[in-house]
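A.B. asks: When you get a sec, could you give me coordinates for this:
(chains A and B)
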There are 2 protein chains.
Amino acid sequence: MSEYVVGIDLGGTKIYAAVVDREGKILATARKKTKAEKGFNKTVKRIAKCAEKAIENAGLQANDIAAVGMGSPGPLDLKNGKIIETPNLKWVDAPIQKELEGLLEKPVYIENDGNAGLLGEYAYGAGKGAKDLVGLFIGTGIGGGVIVDGKLLHGYNQNAGELGHMILNPDGPKCGCGNNGCLEAFASRLAIEREIRIAEIKGVQTSVFKGMDNKSSRLRSKRLAKAFRDEDPAVTLAIRKSAMYIGYGVASLLNIFNPKIVVLGGGVIEAIGEPYIKIVRSIAEKNVFPVAIRNVKIVAAQLKDDSAILGGAKLAWDAVAAKENKK
Amino acid sequence: MSEYVVGIDLGGTKIYAAVVDREGKILATARKKTKAEKGFNKTVKRIAKCAEKAIENAGLQANDIAAVGMGSPGPLDLKNGKIIETPNLKWVDAPIQKELEGLLEKPVYIENDGNAGLLGEYAYGAGKGAKDLVGLFIGTGIGGGVIVDGKLLHGYNQNAGELGHMILNPDGPKCGCGNNGCLEAFASRLAIEREIRIAEIKGVQTSVFKGMDNKSSRLRSKRLAKAFRDEDPAVTLAIRKSAMYIGYGVASLLNIFNPKIVVLGGGVIEAIGEPYIKIVRSIAEKNVFPVAIRNVKIVAAQLKDDSAILGGAKLAWDAVAAKENKK
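C.D. replies: Next comes the predicted model:
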């Protein structure tokens, strides 16, 4: 019997894969750039190569792996294993599960990336022990996930939990999804970058772009974090604005779900950490019914960059267990 | 064995009670004004009298009644049967369950009014057969409720489902809850009234206040509905704005919960009906992931003014059944 699974996190910027044991321990990892703009087929091959590299790095072979679980940008068609549409990757109706199963010759299970991230934190991280959780993962976009009474919220078409696309102001900035004023359009890394560029145009001082090869290329979270620690004026403004909007979003989610734990993860949280979460807590507290935040924890993801790969691993292990029970 | 229960709907404006049989059939009803401003104790007595009047109107006596279920403005402390705070009634920590049990000498069960309304529609109305539902009840305030996989969503402190207090714009108008820009502050009957008065000040023509004894008293839904049908300019603007914001809220709720049915109820919906819901559908469709609205119904509450009393009745019947099963 195979003793390991591969968990994969497919992001807008990078692919991240890990070999994981039954206890959620990571044996080895591998990373590749997503390069979604080169088309779906090329990215799928890069995902498979990334998984194979992680297996190789763990000193294992394909037949040591029982299954593969992946967090992917959504919305997803879980029944047919397809990515229906993705604001950040620009693919439509992409049969990712079948293609990956063909390349890896393993059963592959997929979940929305936000769901995968929250599942990882629920199984192995900041959400352990709670039955009602909300997760927000703030990176290139904003992924979300909800666990109600110990189960991932899926909804009628299995596309619940798109928390990044709550409307925070119908007259707000355009979102990658095509609508206006989504939480993602106010608070994602791309939104932070837009705010910094607007502030710079308005004359607010910033040195965050200094030393970048190409000023129009994407700002990475680590560069942002350094500028925030150095109190770069435009960066400070933009990060605070992002955290404020996440605070308003969390207030709404507390009134809607009244969870026990709100887990905040993703590249922005990993890079900035507690100073960001403090602003979120302060805004959320001021904009919610007191009872809906009483004894509720708003915390950083513990697994950091590993939330979604471990959620993918958990997904794979749950599927393996379900198959074993059927026998 | 008692063959009937009493369902009660405690609203900001009126108390409504009904005697209901096991099949959800209403035998008789009674109504009283809430008069919350006269204090909690007086209103509790009015609630008890209203229930007794409904029993009398049904030609029954107290010992024909097995239990009482009530929808109440929240947030509620369900464990201790208290109203914690109510934006519209202004009471704090009001022990409504115990007081009513004392006056009526019956077991009393309470739920948030939005939950009660949705429970009524789920058991006997527009939500029959679906397992994932979202309800919005647009009256003096905005109540909400969510059913996930056949069960009312309660959350960690049992205060989930406060959908009227999603933030639709942090810089928006002040809400009764003390925060800014809640859905309720944009779309409730009080918000519609505010918009009409603002429009009138700005010179938009309106005859909606004509013939009212006191121009500063509350506009009733029926008067609003007549003015809307007569195409009163200020009223048309205000009703459309309310429906638009409900549309944005519904779009967010579809992305968050992906329910099979969205039920819209309350005084405003009952009075205006389909023209209002058409605007909601149109705005929701334009602001949601297509998959999250595919085959989803956005419909008016079928039980109209009776959603919450029938939800209260269902609550009472469920409690009676749970007791019978224990024996």
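
A.B. asks: What about the nearest residue to residue A:172 once chain neighbours are set aside, how many residues nearby?
C.D. replies: Ranked by C-beta to C-beta, 6 or more residues apart in numbering or on different chains and with sequence neighbours excluded, the top spatial neighbour of residue A:172 is residue A:181, at 2.6 Å. Any C-beta I mention is one placed from the backbone N, CA and C, and that applies to glycine too. By the criterion of other C-beta atoms under 10 Å in any protein chain shown, residue A:181 has 23 neighbours.

A.B. asks: so residue A:181 sits right up against residue A:165, yeah?
C.D. replies: No. Assessed by C-beta atoms under 8 Å, residue A:181 is found out of contact with residue A:165, at 10.0 Å.

A.B. asks: So for the two, which residues contact both of them?
C.D. replies: Each of residue A:175 lies in contact with both residue A:181 and residue A:165 under the rule C-beta atoms under 8 Å, 6 or more residues apart in numbering or on different chains.

A.B. asks: contacting residues for residue A:30?
C.D. replies: Neighbour list for residue A:30: A:16, A:17, A:18, A:50, A:51, A:53, A:54, A:56, A:57 [criterion: C-beta under 8 Å, 6+ apart].

A.B. asks: give me every residue that touches the second one.
C.D. replies: Remark: with contacts taken as C-beta under 8 Å, 6+ apart, residue A:17 is in contact with A:6-9, A:29-31, A:47, A:50-51, A:53-54, A:309.

A.B. asks: If we use 10 Å, what do you get?
C.D. replies: Counting by C-beta atoms under 10 Å, 6 or more residues apart in numbering or on different chains, residue A:17 makes contact with A:6-10, A:28-32, A:47-55, A:57, A:68, A:70, A:309, A:312.

A.B. asks: Just the buried ones from the contacts of residue A:30?
C.D. replies: By neighbour count, with 16 or more other C-beta atoms under 10 Å in any protein chain shown, these hold A:16, A:17, A:18, A:50, A:51, A:53, A:54 as buried.

A.B. asks: Pull up the gap between the fifth one and chain B, please.
C.D. replies: When distances are taken as C-beta to the nearest C-beta, to the nearest Å, residue A:51 and chain B turn out to be 27 Å apart.

A.B. asks: Just the CA trace of the helix or strand hosting that residue, in CSV.
C.D. replies: Residue A:51 is part of helix A:40-57, with elements assigned from DSSP states H and E. C-alpha atoms of helix A:40-57 as CSV (Å, rounded to 0.1, in the frame of the first residue of the first chain):
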residue,chain,number,x,y,z
PHE,A,40,-3.6,25.5,-20.4
ASN,A,41,-1.8,22.5,-21.9
LYS,A,42,1.7,23.8,-21.1
THR,A,43,0.7,24.7,-17.6
VAL,A,44,-0.8,21.2,-17.0
LYS,A,45,2.5,19.7,-18.0
ARG,A,46,4.4,22.0,-15.7
ILE,A,47,2.1,20.9,-12.8
ALA,A,48,2.8,17.3,-13.5
LYS,A,49,6.6,18.0,-13.7
CYS,A,50,6.4,19.9,-10.4
ALA,A,51,4.7,16.9,-8.8
GLU,A,52,7.3,14.5,-10.2
LYS,A,53,10.1,16.7,-9.0
ALA,A,54,8.6,16.7,-5.5
ILE,A,55,8.5,12.9,-5.6
GLU,A,56,12.1,12.8,-6.8
ASN,A,57,13.2,15.2,-4.1
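
A.B. asks: List the strands paired with the helix or strand following that helix, with their directions.
C.D. replies: Sequence order places strand A:65-72 as the next helix or strand after helix A:40-57, per DSSP H and E. Strand A:65-72 pairs in its sheet with strand A:4-10 (parallel), strand A:108-112 (parallel), by DSSP bridges.

A.B. asks: out of these, deepest packed?
C.D. replies: Greatest average neighbour count among the strands paired with strand A:65-72 goes to strand A:4-10 (a mean of 28), per mean count of other C-beta atoms under 10 Å in any protein chain shown.

A.B. asks: Check which element follows that one along the chain.
C.D. replies: strand A:14-20.

A.B. asks: ok so, going back, out of the contacts of residue A:30, which one sits closest to chain B?
C.D. replies: Closest approach between the contacts of residue A:30 and chain B, by C-beta to the nearest C-beta: residue A:16, at 24.7 Å.

A.B. asks: mind checking pLDDT for the residue nearest to that closest one when sequence neighbours are not counted?
C.D. replies: Leaving aside its chain neighbours, residue A:16 sits nearest to residue A:9 (4.4 Å; criterion: C-beta to C-beta, 6+ apart). Reading off the confidence values, residue A:9 has pLDDT 96.

A.B. asks: So the residue of the stretch 101-250 of chain A found nearest chain B: helix, strand or coil?
C.D. replies: Of all residues in the stretch 101-250 of chain A, residue A:155 sits closest to chain B, at 2.8 Å by C-beta to the nearest C-beta. The three-state label for residue A:155, taken from DSSP: H, G, I helix; E, B strand; the rest coil, comes out as coil.

A.B. asks: List the buried residues for the longest helix seen in chain A?
C.D. replies: Determined from DSSP state H, the single longest helix within chain A is helix A:233-257. Across helix A:233-257, burial judged by 16+ other C-beta under 10 Å covers A:233-257.

A.B. asks: what does stretch A:90-108 give?
C.D. replies: By neighbour count on 16+ other C-beta under 10 Å, the buried set for stretch A:90-108 is A:91, A:94-97, A:99-101, A:103-104, A:106-108.

A.B. asks: And the helix or strand where residue A:192 lies, how far out from the chain middle?
C.D. replies: Assigned by DSSP H and E, residue A:192 belongs to helix A:189-201. Remark: helix A:189-201 is offset 21 Å from the chain centroid, using C-alpha atoms, centre = their mean, to the nearest Å.

A.B. asks: do stretch A:38-50 as well
C.D. replies: 19 Å.

A.B. asks: Same check on stretch A:183-196?
C.D. replies: Stretch A:183-196 sits 15 Å away from the centroid of its parent chain (C-alpha atoms, centre = their mean).

A.B. asks: residue ranges with poor pLDDT in the stretch 1-150 of chain A?
C.D. replies: Applying pLDDT under 70 to the stretch 1-150 of chain A flags residues A:1, A:87.

A.B. asks: Which residues of it lie near chain B?
C.D. replies: A:74-77, A:84-85, A:87, A:130-134, A:144, A:146, A:148-149 (C-beta under 10 Å from any C-beta of the partner chain).

A.B. asks: need the contact list for residue A:89.
C.D. replies: Residue A:89 neighbours (C-beta under 10 Å, 6+ apart): A:10-12, A:34, A:36-37, A:40, A:43, A:72-73, A:83, A:140-141, A:176.

A.B. asks: Roughly how far does the residue nearest to residue A:16 sit from chain B?
C.D. replies: As defined by C-beta to the nearest C-beta, residue A:9 lies at a distance of 21 Å from chain B.

A.B. asks: before we move on, what about residue A:255?
C.D. replies: Residue A:255 is 4 Å from chain B, where distance means C-beta to the nearest C-beta.
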